[in-house]
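*Asks:* When you get a sec, could you give me coordinates for this:
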Amino acid sequence: RLRLPRRARVMSYTPQEMMLVAAAREIAGHGVVFMGMSHPILAGSLAKRLHDPDIVFCTEGGVIDWEIPEDNPRAPIQVTDPVMYRGAAFCGDMTESLGAGLMGRSLYDLACLPVGQIDRFGNGNTVVVGDYNAPLQRIGGIGGNMDAACCAPAVFWLMYAATDARVELVEVESGSGLCG
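*Replies:* Numbers count the residues shown, from 1 in each chain. Next up, the predicted model:
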């Protein structure tokens, strides 16, 4: 039986933190990954730091192939976070980043995107949950989600914690699954 010292700290993690750790493991090994805002960019940073240093990031904000500096002050929180500019192979804009995915063949091997709802067909709602004018939840970073979802051969949805996130049909179809 394992005995912990009296002063040993027991770490506790939130479900969202555990989701990010699990997502980082799934993202690793996919080559070029289009990273959406918020949870996806955090999971991608973990994947690059802990599991796959050769993974190439592309964000809708135009940052491509971010190498995480050893003295990086914090994880990025959005797709145009200035903390990613240092160490990036390319810093452009949304047109250049999304345009790369629309060229002859897709640049991305995987799109990792935030989603508020997902239905039985794999369709994602990346806009708003509930009434649009009085939403229960707005999902940030939707500018390039549909483009990335359509251009990548695979989509990895990262779902925000919500009680009604898995639904029969999404309220707003903004990311195609099986096009049900």
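*Asks:* Strands of the chain, start to end?
*Replies:* Secondary structure of the chain (DSSP state E): strands located at 32-35, 56-59, 63-66, 88-91, 110-115, 117-119, 124-125, 128-131, 134-138, 155-159, 166-167.
*Asks:* Please name the residues that touch Pro135.
*Replies:* Contacts for Pro135 were tallied using CB atoms under 8 Å, 6 or more residues apart in numbering; they are 128-129. Just so you know, the C-beta spots here come from the backbone N, C-alpha and C atoms, and that holds for glycine as well.
*Asks:* follow-up on the earlier one: by mean pLDDT, show me the worst of the strands of the chain.
*Replies:* Note on these: lowest mean pLDDT is at strand 166-167, with a mean of 68.
*Asks:* Now for Ser97: which residues touch it?
*Replies:* Ser97 is in contact with 58-64, 144, counting by CB under 8 Å, 6+ apart.
*Asks:* Likewise for Ala89?
*Replies:* Contacts of Ala89 by CB under 8 Å, 6+ apart are 64-67.
*Asks:* what residue ranges in the protein score low on pLDDT?
*Replies:* Low-confidence segments of the chain (pLDDT under 70): 1-10, 100-106, 140-143, 160-166, 170-180.
*Asks:* Would you map the helices across it?
*Replies:* 15-27, 39-46, 94-102, 145-151 (DSSP state H).
*Asks:* for the contacts of Ala89, which one is nearest His39?
*Replies:* The closest of the contacts of Ala89 to His39 turns out to be Trp66 (CB to CB; 16.7 Å).
*Asks:* burial measure for that closest one, as a count.
*Replies:* Using other CB atoms under 10 Å, Trp66 has 28 other residues around it.
*Asks:* mind listing what it touches?
*Replies:* 48, 57, 76, 84, 87-89.
*Asks:* Let me know the closest of those to Ala148.
*Replies:* Closest to Ala148, out of all of the contacts of Trp66 and judged by CB to CB, is Phe57, at 12.4 Å.
*Asks:* Please list only the buried members of the contacts of Trp66.
*Replies:* For the contacts of Trp66, a neighbour count by 16 or more other CB atoms under 10 Å gives the buried set as 48, 57, 76, 84, 88.
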